[in-house]
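Peer 1: return atomic coordinates for the entry below.
(chains A and B)
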Protein chains: 2
Amino acid sequence: MSQQAANGVPCRGKVLTLDNMNPNVRRVEYAVRGAIVQRAGQLEKELKEGVKKPFTEVIKANIGDAHAMGQKPISFLRQVLALCSYPELLEDNKFPEDAKQRARRILEACGGHSIGAYSASQGIECVRQDVARYIEKRDGGIPSNPDNIYLSTGASDAIVTMLKLLVCGEGRDRTGVMISIPQYPLYSAALADLGAVQISYYLDEDKCWSLDVAELKRAIDAARQHCNPRVLCIINPGNPTGQVQSRQCIEDVIQFAKEEHLFLMADEVYQDNVYAEGCKFHSFKKVLFEMGPAYSSTVEMASFHSTSKCYMGECGFRGGYMEVINMDPEVKAQLTKLVSVRLCPPVPGQALLDLVVNPPQPDEPSYNTFMKERTAVLADLAEKARLTEQIFNEVPGITCNPVQGAMYTFPRIALPQKAINKAKEEGQVPDMFYCMRLLEEEGICLVPGSGFGQREGTFHFRMTILPPTEKLKIVLQKISDFHVRFTQEFS
Amino acid sequence: MSQQAANGVPCRGKVLTLDNMNPNVRRVEYAVRGAIVQRAGQLEKELKEGVKKPFTEVIKANIGDAHAMGQKPISFLRQVLALCSYPELLEDNKFPEDAKQRARRILEACGGHSIGAYSASQGIECVRQDVARYIEKRDGGIPSNPDNIYLSTGASDAIVTMLKLLVCGEGRDRTGVMISIPQYPLYSAALADLGAVQISYYLDEDKCWSLDVAELKRAIDAARQHCNPRVLCIINPGNPTGQVQSRQCIEDVIQFAKEEHLFLMADEVYQDNVYAEGCKFHSFKKVLFEMGPAYSSTVEMASFHSTSKCYMGECGFRGGYMEVINMDPEVKAQLTKLVSVRLCPPVPGQALLDLVVNPPQPDEPSYNTFMKERTAVLADLAEKARLTEQIFNEVPGITCNPVQGAMYTFPRIALPQKAINKAKEEGQVPDMFYCMRLLEEEGICLVPGSGFGQREGTFHFRMTILPPTEKLKIVLQKISDFHVRFTQEFS
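Peer 2: Predicted coordinates:
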């Protein structure tokens, strides 16, 4: 650590190095913004500087970022946000009366009538009330208590906070958290950061990425040998896998959680993104309450939602909430204390969330435009989901489950043994090698399946279905052509 | 854990209880939003419901929340935010051209030209460039690299992230972090959460809360017995203590950090809040570079800033940044990875920060209004700082250092022994007992000094100087009267 320099002064290295930094942070991985995305950024810069590439544009299909892909913001949401930002506009005749009414109500709930004031740490009270009413309506009248609603900085924030509360113990007593494989890598990253034990359960690719309770049982029994399983995380509709869980499956999962004494975390941020015929979103809370008091009064649960997905796609505002159910009141007090340290979630995101859960009603002036915009986005997504499945499944060596919901496809790709060998030579996992080649040759940025987890020996990538339809067709065609070329090159 | 219920089914307790939750979270304390603020909220509700109280309004002087205290937002900032939220307004003649130009530039830097898209995790590139130029100008030309700027969700987010990187080791090797007493309790809360060791150094109340390097030395030497001191945190201007560090003192601190091989964290969120004659803000970075290459090329440092304070007081937007200096490139890559897990800071907050660091220039149409508004806020704060010191020091038993900067006063209060005994009987720390009585009798919400730390046997409270001048005078008078009454009651 301490060396003697030429001038006789001890020459010490850095205070903070890779070797002595937080080892948990070093273990964190987050592929959605990993090496491939950094390379995509470099390529964009090179294109701008006039460097010649085999493509004229980098298409980032790595992340569910609707606006970046050209989706227009919903007018009503942005009108209210502009009114909240600059209340002088409340005098402007250009804005519809319902937008003004929403803005006035939000401003009245803010300290000093300004969205620049801190809110309560749990979130603005009237927004939490609106969220509770929205959940009640969604769930056919099952009551929701605004005291159980915590607004958050996107869903990620609430998920990490909830996991943080749940982690304790050392060695074999360390908290184990069950997550699906494939998973959204926020989960594995948060578990690494918290030093919790990841318990992987596999979704069944052959059955449209469905969840099988026997697999949950296998995973938890194996894990009990080396940790204390306390939490079960579910993503429905699925990310990256796009499946929508059946009501029966949800009931089985709740039963399992009760039997195994697990805290349930239901990531339901894609609840409005359901496209496939015969598929329907069932909230974990609704099913829980329909199973009767033996379940609804005992099973502890948190459900997460966000303003970043669905029809609005407002990722940049970092809005979201969680609802906690059957949480021990003393723990809830601790949760409230914990969130207070960060003061409050961004207030513009809270305002946005309020509009999402309390949109224009049929008798209000903005209703028709709002519904037209909303329906167009969702119909478009449904069409793109269908198109993606269809085109990919025409390519030999690509197998693609239906995109029932969410915003992604996670097709399986057959990679020739020579390509796998070549990847190993270059020190890359094979699907990263594949995706990097695709990026360099076609300018399309996907995330390798290894970033989400997959069964040993299988390979996938995640792609969002968000590009505009005409561009999506080109992207799908380019990937298909690349796949054929790649397969030939290494056969 | 498992009991037999009447029906024979094992009746297990909650999965998550106070006993088996994360013990680090249990240890977290955050007085700024603690029990007294919750009681203030209850009182507000009771007043609304018509319950009679000895006051008609609760005044929350517990937190530095300018807008909640009636400060008006700066017009230019909010015009640009409205334009960014609803770009149709760019066609509106009511908005000045420089506001439109700023909005266009921000929107062009956003994915899909929307503030609803995710940004790069480190923050929008052009905003980071503007921040770097702002720092260079502030520091008389010392270069700042946009790659060293990380935008954040308020300063709190960046401070916690930086601490998280720095914490490692077990037992006597556990990272120790030096923080001032009194401190802003984000620090103690974050250290509890991370399981790091808090090393307290005391500010000298008799010398206007100045920092003495001999005290730093005492604290670190004692701490080396039981932990590995690696970090030194400084808040300048001081929170809750309102002092502004002299240039010499900053130089001494940097020298100390170098000698003791410490990572420096400089919390400079009040850098524009300096009021006292003869006081001036010196950034740690500027002093570091003026000390020559032996320092400027070795001492590792992070400096934090925020949109929540200064003249704008936009707390609700959760904007902020940190600049890292001399950070090991491998560690920086880890930092970039870590922040990517949360995707990005709120984009409206990033936009706001851009305006703060790139405000209207003398040749632009908004300049005069902007300067008028900015100057009025800062002049007002200076007057309130003076007034606070003057009125409190007229009260027997209250001793108040000058509020040289920041937004708070932290006066010392003499409490009669009988009051201390009475507090103990009721299981409260004496200054909490005092503040609770003040809240119940006068409706004024302060934070007890014990929430920030203070020398054994001394008592204080923190009060913001933010209420409008006329209201502040009433608040100061009410506290003074209460103090006299309280002292008489317990004498």
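Peer 1: do you know the pLDDT at residue A:41?
Peer 2: Residue A:41 carries a pLDDT value of 88.
Peer 1: separation between it and residue A:464?
Peer 2: Computed as Cβ to Cβ, to the nearest Å, the residue A:41 to residue A:464 distance reads 17 Å. Placement of C-beta: from N, CA and C, glycine included.
Peer 1: ok, those two, which is more surrounded?
Peer 2: Legend: neighbour count by other Cβ atoms under 10 Å in any protein chain shown for residue A:41 and residue A:464, higher for residue A:464 (25 against 16).
Peer 1: list the beta-bridge partners for the more buried one.
Peer 2: Residues in a beta bridge with residue A:464, per DSSP bridges, are residue A:408.
Peer 1: pLDDT score assigned to it?
Peer 2: The model reports residue A:464 with a pLDDT of 95.
Peer 1: thought it was touching residue A:71?
Peer 2: No. The pair residue A:464 and residue A:71 does not pass the contact test of Cβ atoms under 8 Å, sitting 11.1 Å apart.
Peer 1: any buried residues in the host helix or strand of residue A:376, and which?
Peer 2: In the assignment (DSSP states H and E), residue A:376 maps to helix A:367-393. Across helix A:367-393, burial judged by 16 or more other Cβ atoms under 10 Å in any protein chain shown covers A:367, A:370, A:373-374, A:377-378, A:380-382, A:384-389, A:391-392.
Peer 1: what is that helix packed up against?
Peer 2: Under the contact definition 3 or more Cβ pairs under 8 Å, 6 or more residues apart in numbering or on different chains; DSSP states H and E, helix A:367-393 sits against helix A:75-85, strand A:398-399, strand A:408-409, helix A:469-489.
Peer 1: now these in JSON lines, with mean pLDDT and mean neighbour count?
Peer 2: JSON lines is the format used below for the helices and strands packed on helix A:367-393 (pLDDT from 0 to 100; neighbours: other Cβ atoms under 10 Å in any protein chain shown):
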{"stretch": "helix A:75-85", "mean pLDDT": "98", "mean neighbour count": "26"}
{"stretch": "strand A:398-399", "mean pLDDT": "95", "mean neighbour count": "18"}
{"stretch": "strand A:408-409", "mean pLDDT": "94", "mean neighbour count": "28"}
{"stretch": "helix A:469-489", "mean pLDDT": "95", "mean neighbour count": "16"}
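Peer 1: how about these in a markdown table, adding distance to residue B:413?
Peer 2: A markdown table is the format used below for the helices and strands packed on helix A:367-393 (distance: least, Cβ to Cβ, whole Å):
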| stretch | distance to residue B:413 |
| --- | --- |
| helix A:75-85 | 40 |
| strand A:398-399 | 73 |
| strand A:408-409 | 59 |
| helix A:469-489 | 67 |
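Peer 1: relative to residue A:199, which of these is closest?
Peer 2: Of all those, strand A:408-409 sits nearest to residue A:199, with 23.3 Å by Cβ to Cβ.
Peer 1: gap between that closest one and the chain center?
Peer 2: Chain-centre distance of strand A:408-409: 12 Å, with Cα atoms, centre = their mean, to the nearest Å.
Peer 1: heading C-terminal from it, find the next helix or strand.
Peer 2: The helix or strand immediately downstream of strand A:408-409 is strand A:412-413, counting by DSSP H and E.
Peer 1: what's the mean pLDDT across that following strand?
Peer 2: Here the average pLDDT along strand A:412-413 is 96.
Peer 1: next SSE after it?
Peer 2: Per DSSP H and E, the first helix or strand lying C-terminal to strand A:412-413 is helix A:417-425.
Peer 1: now do the buried residues in that next one.
Peer 2: Going by neighbour count (16+ other Cβ under 10 Å), the buried part of helix A:417-425 is A:419-420, A:422-423.
Peer 1: packing partners for the next helix-or-strand element following it?
Peer 2: Sequence order places helix A:430-442 as the next helix or strand after helix A:417-425, per DSSP H and E. Counting contacts by 3+ Cβ pairs under 8 Å, 6+ apart, helix A:430-442 is packed against helix A:35-48, helix A:417-425, strand A:444-445, strand A:447-448, strand A:461-464, helix A:469-489.
Peer 1: got the angle for helix A:430-442 vs helix A:417-425?
Peer 2: Counting by axes from the mean of the first three to the mean of the last three Cα atoms, to 10 degrees, helix A:430-442 lies at 100 degrees to helix A:417-425.
Peer 1: can you list the buried residues in helix A:430-442?
Peer 2: By neighbour count on 16+ other Cβ under 10 Å, the buried set for helix A:430-442 is A:430-439, A:441-442.
Peer 1: close to chain B, is stretch A:70-85?
Peer 2: Yes. Counting by Cβ under 8 Å from any Cβ of the partner chain, chain B is contacted by stretch A:70-85 at A:70-73, A:78-79, A:81-83, A:85.
Peer 1: so what's residue A:432 closest to, chain neighbours aside?
Peer 2: Ranked by Cβ to Cβ, 6 or more residues apart in numbering or on different chains and with sequence neighbours excluded, the top spatial neighbour of residue A:432 is residue A:448, at 4.5 Å.
Peer 1: residue contacts, the one you found?
Peer 2: Residues in contact with residue A:448 (Cβ atoms under 8 Å, 6 or more residues apart in numbering or on different chains) are A:31, A:36, A:429, A:431-432, A:434-435, A:459-461.
Peer 1: can you map out the strands along the stretch 251-400 of chain A?
Peer 2: Here the stretch 251-400 of chain A has its strands, by DSSP state E, counting those that start in this stretch, at A:263-267, A:301-306, A:319-325, A:398-399.
Peer 1: what helices or strands is the helix or strand hosting residue A:108 leaning on?
Peer 2: Assigning secondary structure by DSSP H and E places residue A:108 in helix A:97-109. If you count contacts as 3+ Cβ pairs under 8 Å, 6+ apart, helix A:97-109 packs onto helix A:75-85, helix A:125-138, helix A:347-357.
Peer 1: re earlier: how far away is the residue nearest to residue A:432 from chain B?
Peer 2: 16 Å (Cβ to the nearest Cβ, to the nearest Å).
Peer 1: and what of residue A:150?
Peer 2: Residue A:150 is 14 Å from chain B, by Cβ to the nearest Cβ.
Peer 1: remind me which helix or strand that residue belongs to.
Peer 2: Assigned by DSSP H and E, residue A:150 belongs to strand A:149-153.
Peer 1: which residues are contacting that strand?
Peer 2: Residues contacting strand A:149-153 (Cβ under 8 Å, 6+ apart): A:119, A:122-124, A:127-128, A:131-132, A:158, A:161, A:318-324, A:335, A:339, A:342, A:345-346, A:349-350, A:353, B:153, B:318, B:342, B:346.
Peer 1: all good on my end, thank you.
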